[in-house]
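Visitor: model this:
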Amino acid sequence: MSAVLARRLAHFARGAGEGLRELVARTDQEWAIGLYTGPSPAELEPLRRRPILTRHDVTDRDADFVADPFLIRTDDRWWMFFEVWSRSRRRGEIGVASSNDLVDWRYQGIALSEQFHLSYPLVFEWEGEYYLLPECSATSSVRLYRAAGFPWQWECVATLLTGGVWLDPTIFRYDDLWWLMVETDKDYGYDTLRLYYSEHLDRGWREHPASPVVRGDRQTARPAGRVVVADGRPVRFAQDCDGGYGLRVRAFEISLLTTEEYAERPLGLVLDGAELGWNRRGMHHLDPHQVPPAAGTGWVACVDGWK
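Guide: Numbers count the residues shown, from 1 in each chain. Next comes the predicted model:
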């Protein structure tokens, strides 16, 4: 989420007056994290009116906001990784919280910090290992981390892409291949979505012949959370940045995905500003998961929003 904020801070550091005005406006957005549920990842409603995590829950940083939440389940416990914007460090770091029931959450601390800005911590498991793919566009690269000791110890094990603007990289597994979607507009217009694929998680990434799969469209290009497979089809989520940053989220079913072809169809608006107080001005991220069979049916998703 906050590579935008990091970019504006860089302008400020160089003495750009416009960067300072943008920074002041951006920090007025107080982001928080909530929980939604529903029958499908494109049909979700608030589980409760209050957020499950705010900046006030962060005890080890002077946090301005929390955002970009991603969930993962280990045994009988849920973990949530998310961006914590540290006012004194002037960059994002990756925080972690945990819950036994998805309702009551406890902030645990900062799980990953670098000398550069981090956000959008997409966490996943593969072949018994835990991985983290955070946005670290400040390094002009997409970096893959592996847990040396989950959830606190992370080491960078591969650089997947280099030499560009890489906003909100979103990795997923489908049809025995790895796929990666990432927004790449060098002017930060949030209107260009590129697609890459590989047989291997940590190497061999190449751009899809149909990429960019979205060009010149601020409503549909920038990723807004994990790609999930529902009823056999991948579903991707996009930030609608038309008219402002962090306003709403749209869903798209990927109807054709091979190493040669790509097609998708819109599923409609999924998240918008809600009259709940904490997210009344807009929302821009969700991470849906199917509810474990023992807990019922349907989907649960962590989301973010701002006031």
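Visitor: now the helices: where do they sit in the stretch 1-150 of the chain?
Guide: With DSSP state H, counting those that start in this stretch as the definition, the stretch 1-150 of the chain shows helices at residue ranges 3-13, 17-26.
Visitor: quick check: mean pLDDT across the longest one?
Guide: Looking back up the chat, that one is helix 3-13. Across helix 3-13, pLDDT averages out at 46.
Visitor: ok, Val303 - contacts?
Guide: Val303 is in contact with Ile33, Gly34, Leu35, Tyr36, Leu44, Pro69, Leu271, Asn279, Met283, His285, Leu286, Asp287, counting by CB atoms under 8 Å, 6 or more residues apart in numbering. Where you see a C-beta, it was placed from the backbone N, CA and C, and this is true even at glycine.
Visitor: quick one: the strand or helix carrying Met283 to chain centroid distance?
Guide: Secondary-structure assignment from DSSP states H and E places Met283 in strand 282-290. On the basis of CA atoms, centre = their mean, to the nearest Å, the separation between the geometric centre of strand 282-290 and that of its chain is 8 Å.
Visitor: on that earlier part again, state the pair within the contacts of Val303 that is farthest apart.
Guide: When CB to CB is used, the two most widely separated members of these are Asn279 and Asp287, lying 15.2 Å apart.
Visitor: Figure out how far the helix or strand just after the strand holding Met283 is from the centre of its chain.
Guide: Elements were assigned by DSSP H and E; along the chain past strand 282-290, the next helix or strand is strand 299-306. Relative to the mean C-alpha coordinate of its chain, strand 299-306 is positioned 11 Å out (CA atoms, centre = their mean).
Visitor: Strand 299-306: partners in the sheet, and parallel or antiparallel?
Guide: Paired with strand 299-306 in the same sheet, following DSSP bridges, are strand 31-40 (antiparallel), strand 282-290 (antiparallel).
Visitor: deepest of those strands, which one?
Guide: Per residue and on average, the most neighbours among the strands paired with strand 299-306 fall to strand 282-290, with a mean of 24 (mean count of other CB atoms under 10 Å).
Visitor: Output it as CSV, nothing but the C-alphas.
Guide: Extracted as CSV, the C-alpha positions of strand 282-290 are listed here (Å, rounded to 0.1, in the frame of the first residue of the first chain):
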residue,chain,number,x,y,z
GLY,A,282,-12.6,3.9,1.5
MET,A,283,-11.1,0.4,1.3
HIS,A,284,-8.4,-1.0,-0.9
HIS,A,285,-7.3,-4.5,0.2
LEU,A,286,-8.7,-7.9,1.1
ASP,A,287,-7.3,-11.4,1.7
PRO,A,288,-10.0,-14.1,1.5
HIS,A,289,-9.7,-17.6,2.8
GLN,A,290,-12.2,-20.5,2.8
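Visitor: And for that strand, what's in contact with it?
Guide: By CB under 8 Å, 6+ apart, strand 282-290 touches 1, 36, 41, 44, 67-71, 73, 224-226, 228, 237, 239, 244-249, 270-274, 298-306.
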